[in-house]
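# sharing a sequence plus its predicted fold:
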Amino acid sequence: MEIPEIVNDSPPSKITENNDRVDSIQVMDDDEEEEETCTSDVSRLKIPGEYQPEVSNENQLEGPSEDQQKVLDDVVRQQRDELDYYQRQLAINEHKYLTDVSDLQSQLQSSKKMYDTAKHEKEAAFMRYVIKEKEILDLNTEKKKLIDNLKDKDKQIARLKANCKDVASFMTVIETKNKEIKEYKVLIDLLKDDKSKISKDLDFWKTKYEHESKCSHETESKLLHEIQELQNRLESLTKQNESFNEESNLEKIILNSKMYLDLKKCSEQQLQEMNKLKSVIEELNNNFTKCTYTVNSLENENIDLKTYMKSCEIKTNELLMFTESLSSRNASLQSECLNLQTALDKLKSDCDILKQKNNDLKIAFKSQEDSIAKEKELYDCDKKELASHLALKMQMIADLKTTLERTQDDLHVSKRKFKTTVSELTKELQKKNIVDTSVEMKMVLDKMVKLQQENARICEKLDFVEDHNKHLLCELKKKSSIMQKHGIPGGKNGLVPGLNEQKPERY
């Protein structure tokens, strides 16, 4: 029999046992050969025994010799002794053979049990791997949820920025209103100059207008002071928005640090389980080597186990592939764990600083919210005051317009009178057609020159008043449109829309 070679990785006790078994098998083969020789010798001995009576008969006939008989008896005795010796050795070798077969069967059963345990351990390791993959998927879903929450916070921040932009637009509207008030101030100064030149009847209105202009100066100075305060508040609000953006960035960093901590814990657990799997795989490899030794020794005796061993080899290859994938995964996890540890150390140092800043920012944010609420209340009060002030201004403009219309009517009457006087004088001059150097003629000519000069002045004033009236109507329309946009109520008894509808038809 051919004995398979023994792998050097097996322990020394197993090697000695296998050597003893090989020696016993060789002894058994030698015993079988000796038995065959003994049987041949016995057959040889039996043949002369069978022919012995013939020889004795021949010797009896021929007279056999006693020396030959003694020699034959000695040979027979020696051969019988050898037969007894070989029979004893056969019995001993049979007993050894049976014991070796029983040992080999017990080893086969133990190897089968070891294989079953290894198979169960492989299935358990695969189930653990599946559970870990499920945990990783759950972590990914949690990451997605956190990312969605961060997106919602970014949307809220965008809404806050839009609100800040609305505040800025309101402030620009207020500034435009202040500019318009300044323009009205300039126009009022021009009207004051016009009133002093038009007639003495407007002295009462002039004194009243000067008093109101003084009041408007005071209110304008107050408004300018309030505008400066609002600008300062705008700057503070922009700073608050910047601090709020920083706070949102800090919250993002804290969430990322929490994610990194959770991932670190999961990686540590996976490393522990991977170490356990390594030990299990090493045991499986040792058991697999033992199984291969026993199976290789029993290949020639058990042909039916060849198919079973092939399936075992396929499963062991699968286990090796699984261990290789686990080892590669372990290496990647270790590298990720080192990177995460370095990042976590940095984040912890940054997180402590950011927590302190966050607490300070929260306190400042609360105080700023209270200040914003107070500023909103003040803004509403200022808005109401401005609306009332605008209504008063509109009433004043309406009164001024009525006075202007009266003055325009008076000017038209005086213009017609002047035209009639000029026409009468020209008629008188055409009747005379004589150059008169008397004092009366000079007086008439002087009156004519004065009247023409006054007429030119009145025409210029009328043109200026008409242009100024048109400009005032355009400004009133703009004011009314702005007030309608911002929901500011008009003047008392609906003065503003009445002014917008007024169009002097006589011009």
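On my side now, so go ahead.

# tell me the domain boundaries of this protein?
Following automatic domain parsing, the chain resolves into domains at 1-106, 138-394.

# need the ones you listed in a markdown table (columns: mean neighbour count).
Any C-beta I mention is one placed from the backbone N, CA and C, and that applies to glycine too. Output for these, formatted as a markdown table (neighbours: other Cβ atoms under 10 Å):
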| stretch | mean neighbour count |
| --- | --- |
| domain 1-106 | 12 |
| domain 138-394 | 14 |
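
# residue 127 is nearest to which of those?
domain 138-394 (11.7 Å; Cβ to Cβ).

# and the average pLDDT for that closest one is what?
Looking at domain 138-394 alone, the average pLDDT works out to 75.

# and that domain, how far out from the chain middle?
Mean C-alpha position of domain 138-394 versus that of the full chain (Cα atoms, centre = their mean, to the nearest Å) differs by 11 Å.

# can you tell me the distance between the two ends of that domain?
Taking Cα to Cα, to the nearest Å as the measure, domain 138-394 stretches 69 Å from start to finish.

# just the element for residue 353, please.
Assessed by DSSP states H and E, residue 353 sits inside helix 305-432.

# chain center to the next helix or strand after that helix, what's the gap?
Toward the C-terminal end, the helix or strand that comes next after helix 305-432 (DSSP H and E) is helix 439-485. Using Cα atoms, centre = their mean, the mean C-alpha position of helix 439-485 is found 72 Å from that of the whole chain.

# ok so, going back, show me what the helix holding residue 353 is packed against.
Under the contact criterion of 3 or more Cβ pairs under 8 Å, 6 or more residues apart in numbering; DSSP states H and E, helix 305-432 touches helix 66-198, helix 203-297, helix 439-485, helix 495-501.

# redo those as CSV? Include distance to residue 321.
What follows is the helices and strands packed on helix 305-432, written out as CSV (distance: least, Cβ to Cβ, whole Å):
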stretch, distance to residue 321
helix 66-198, 12
helix 203-297, 12
helix 439-485, 75
helix 495-501, 89
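
# to residue 318, which of the ones you listed lies closest?
With distances scored as Cβ to Cβ, the stretch of the helices and strands packed on helix 305-432 nearest to residue 318 is helix 66-198 (8.2 Å).

# which ones are touching residue 177?
Shown in contact with residue 177 (Cβ atoms under 8 Å, 6 or more residues apart in numbering): 386, 482.

# that one and residue 135, how far apart?
Applying Cβ to Cβ, to the nearest Å, one obtains 64 Å for the distance of residue 177 from residue 135.

# circling back: select, out of the helices and strands packed on helix 305-432, the one closest to residue 359.
Proximity to residue 359 (Cβ to Cβ) singles out helix 203-297 among the helices and strands packed on helix 305-432, at 10.7 Å.

# which among the helices and strands packed on helix 305-432 is found nearest to residue 393?
Relative to residue 393, the nearest member of the helices and strands packed on helix 305-432 by Cβ to Cβ is helix 66-198, separated by 6.8 Å.

# centre of the chain to that closest one, how far?
Averaging C-alpha positions (Cα atoms, centre = their mean) puts helix 66-198 23 Å from its chain's average.
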